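> need coordinates for the following:
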Amino acid sequence: MADESSNDQPQREQHYRRNNYRRYRRPPHKEQSQAPENQATAENVPPEGETPAQSANASQQHPQQNFQRNHVDISVVIPLFNEEQSLHELVDQLKNALVRLGGRYELIFVDDGSTDGSFRVLRDMYFHNRRIKVIRFRRNYGKSAALMVGFQRAQGEFVVTMDADLQDDPAEIPSLINKLKTGYDVVSGWKKKRHDPISKTIPSRFFNFVTGLLTGIKIHDFNCGLKAYRRDVIKNINVYGELHRYIPALAQWQGYRITESIVQHRARKYGKTKFGMGRFFKGFLDLLTVLFTTRYIARPLHLFGVWGIVSAFSGFVIDVYLTVDKFLGKTSLTNRPLFLVGLILIIVGVQFVSIGLLGEMITKGQHVEREYSIREILK
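Okay, the predicted model is just below:
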C-alpha cells in the first residue's frame, strides 16, 4: 500500500499549504491581493502536469470514472487525545485489515485538542496517504463531539469507530462488516476478555448490567469503542455530551437492528488511560438523560405521573391506617413520626403529578412535529 500515496503527496502538501497560507507565505502585496478568476482553488487542485481546464474537461467526459475513483465503502472514524506514539502502528494495522475488504476506505482522525505531537504525526501521514483525513479541534470537547464531527464527514457505506490507543484490534473490522452485511444495522464489540486493571473491569461490568437492565438492550459492553454501523444509522442519530456509549440504545429505539460480536482486547502499549472513575458517574447521569429524552420527551406525565401516584397513594394509605388507629384509641398521632412521613409522601406525589402536567402543557404548546424514523417509502 506504500505506492498508493506517493503520487498524491505533492498535491496534498500544496492543498494543506494553501489552506494554511499564513504559516507558509508572507501576506500578499496590495496589488496582488485579489487572485485571478481562473486560478485553481485549494479544494480543486489539478494533478501535477495537468491544467485546470484539462482537469475539468476530464471530469465532465468521464463522470462515472471519477465517481468510482472517489467511492468509499468503509469509513473508519478514530477520535484521539494525546496518542502520538501509537498512530503509525495503528495506520499500518488498519491498512493490512482493510485491504482484505477491497481497499476502498478512508481513515478519519479527529484530534480532540491533543497537547502532544499527535497532530504533527497526523499531518505527516496525511501528506503520504490520500485515504487519511484529519480534523483538529481547538480544545478538548470530548469523545462524543469527536465522533459526531467524524460521522458528519464519513462517506462510506459502512462506518467503523475505534480508539487510537491500540487496545482495539483492526483485524476485527472484517468480521464486524460481515455481520452488518447479514442484515444488522449496528454491531457493537464485546471485550469478553479485558486486559485492564480490576479498578476498571468491575465498575464497567456493573455499569453495563444496569444500563442493559434499564434500556432493555441485551449487549454486554456499552463502553467498547469498536463498533460498526450502516451509514443510515450515523446520519440519523445525534450524539452530544457523553452519549457516545449509548449509540446502540439510541439506534434500537429508532427501530434499527442491534447485535454484538466478541472482539479481541489488547493491553495498552503506549501512554495511559484518559478515563477515570468519574466517567461512570457521568455515564449514569447520561443514562437518565437518554431514558427521559427518548422515552418520555413527548409524554412527561407518564414518567412523573406514575411516581407521583405511587408516592401519594403510599402516603394516603399510611395516614388512613394511623387515623383509624387513633379513632380506635390505640395510639395518638402526636407521637407518631410515621404520620408526618405519610403527609410528605402525599405532598411529593402531588408535586410530581403537577410537574408532569406542566410538562404536557409545554409539549403541547410547542406544536413540534415528532421525527419518525422512516425506513423506505414506495410511491
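> hey, let's count contacts and neighbours off CA atoms from now on
Fine.
> could you pull up phi and psi at the closest residue to residue 86 other than its chain neighbours?
Among residues not flanking residue 86 along the chain, residue 165 sits closest, at 6.2 Å (Cα to Cα, 6 or more residues apart in numbering). Backbone torsions of residue 165, given as degrees, to the nearest 10, read phi -90, psi 10.
> try residue 265
Here is the backbone geometry of residue 265 (degrees, to the nearest 10): phi -120, psi 130.
> what do you get for residue 336?
Phi and psi for residue 336, reported as degrees, to the nearest 10, are phi -120, psi 90.
> give me the neighbour count for it.
Residue 336 is flanked by 11 other residues according to other Cα atoms under 10 Å.
> the residue nearest to residue 86 and residue 270 touch, don't they?
Yes: contact status for residue 165 versus residue 270: in contact at 7.1 Å, counting by Cα atoms under 8 Å.
> more crowded one of these two?
The neighbour comparison of residue 165 against residue 270 (other Cα under 10 Å) goes to residue 165, with 26 against 13.
> now do the same contact list for that one.
Residue 165 makes contacts with 83, 86, 268, 269, 270, as judged by Cα atoms under 8 Å, 6 or more residues apart in numbering.
> please report the distance of it from residue 352.
Between residue 165 and residue 352 the computed distance is 46 Å (Cα to Cα, to the nearest Å).
> try residue 267
With Cα to Cα as the criterion, residue 267 and residue 352 are 48 Å apart.
> settle it for me: which of those two has more neighbours?
residue 352 (22 against 13).
> isn't the more buried one right next to residue 302, touching?
No: Residue 352 lies out of contact with residue 302 (Cα under 8 Å); the separation is 10.7 Å.
> next one: the longest helix seen in the chain to chain centre, how far?
Counting by DSSP state H, the longest helix found in the chain is helix 337-366. A distance of 35 Å separates the centroid of the chain from that of helix 337-366, by Cα atoms, centre = their mean, to the nearest Å.
> mind listing what's buried along that helix?
339, 342-346, 348-357, 359-360 (16 or more other Cα atoms under 10 Å).
> now do the contacts for the residue nearest to the spatial centre of the chain.
For the chain, the residue nearest the mean C-alpha position is residue 244 (3.8 Å; Cα atoms, centre = their mean). Taking Cα under 8 Å, 6+ apart as the criterion, residue 244 is in contact with 143, 144, 147.
> swap the cut-off to 7 Å and go again
By Cα atoms under 7 Å, 6 or more residues apart in numbering, residue 244 lies in contact with residue 144.
> with adjacent residues omitted, what lies nearest to residue 268?
Excluding its sequence neighbours, the residue lying closest to residue 268 (Cα to Cα, 6+ apart) is residue 167, at 5.7 Å.
> quick check, that neighbour in contact with residue 270.
No: applying Cα atoms under 7 Å as the test, residue 167 and residue 270 come out as separate, 9.8 Å apart.
> where do the contact lists of residue 165 and residue 270 overlap?
What both residue 165 and residue 270 touch, as defined by Cα under 7 Å, 6+ apart, is the set residue 86.
> ok, back up a step: for the longest helix of the chain, name the packing helices and strands.
Judged by 3 or more Cα pairs under 7 Å, 6 or more residues apart in numbering; DSSP states H and E, the packing partners of helix 337-366 are helix 300-327.
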